[in-house]
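Chemist: need coordinates for the following:
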Amino acid sequence: MLIPHKQYAEPSVFTPENLLREARRQKALPYVTVPAICLLDPDGDIVRHLVAQNKASRNPYWACYHTDLYDFELNGIRFGVVGCAVGASFAVLVAEEMFASGCRLLISITSAGQIVATRNPPYFILIDKANS
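Modeler: As a prediction, the model looks like this:
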């Protein structure tokens, strides 16, 4: 065993709720829910476009230390979007913080290259589950 005396079966004390609670305390932020529908934008293209078009504004109540959440509205529906949450473990942390803050549906939108050519780009692929 690399590190003895660790309690691997115990639940983590670093839950998204605890991290956000402490961040809110340290930043003196009230608990305000994020939009029910949020986007993860790993490339940051969506956030940059919305901000450049003055269609999104930084959410002042988002307590995450490492990202900014932007709010925007489309067809009367309020959305939240976090850009540049790159890397699986970091993106999962941000997603968990979004859910702990009131998000009910999270959509991750990113770009990718083709490994096997199935059609001529551009086209979209909707991933609805992951197999382990």
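
Chemist: does Leu39 lie in a helix or a strand, and which?
Modeler: strand 37-41 (DSSP states H and E).

Chemist: against which helices or strands is that strand packed?
Modeler: Packed against strand 37-41 by the contact rule (3 or more CB pairs under 8 Å, 6 or more residues apart in numbering; DSSP states H and E) you find strand 77-83, helix 88-100, strand 105-108. Every residue, glycine included, has its C-beta placed from N, CA and C.

Chemist: touching that strand from outside, list them.
Modeler: 46-47, 69, 77-85, 91, 94-95, 98, 103-110 (CB atoms under 8 Å, 6 or more residues apart in numbering).

Chemist: can you give me the buried ones in stretch 102-109?
Modeler: For stretch 102-109, the neighbour count (16 or more other CB atoms under 10 Å) marks 103, 106 as buried.

Chemist: sketch out the low-pLDDT regions of this protein for me.
Modeler: Filtered on pLDDT under 70, the chain yields the residue ranges 1-3, 132.

Chemist: which stretches in it count as helices?
Modeler: 16-27, 45-52, 88-100 (DSSP state H).

Chemist: that older thread, centre of the chain to the strand holding Leu39, how far?
Modeler: Centroid separation between strand 37-41 and its chain, computed with CA atoms, centre = their mean, to the nearest Å, is 6 Å.

Chemist: go through that strand and flag the buried ones.
Modeler: Neighbour-count burial for strand 37-41 [16+ other CB under 10 Å]: 37-41.

Chemist: that strand: partners in the sheet, and parallel or antiparallel?
Modeler: strand 77-83 (parallel), strand 105-108 (parallel) (DSSP bridges).

Chemist: Asp128: which of the ones you listed is closest?
Modeler: strand 105-108 (11.2 Å; CB to CB).

Chemist: any idea how far the closest one is from the chain center?
Modeler: 8 Å.

Chemist: what do you get for stretch 118-131?
Modeler: Using CA atoms, centre = their mean, the offset of stretch 118-131 from its chain centre is 20 Å.
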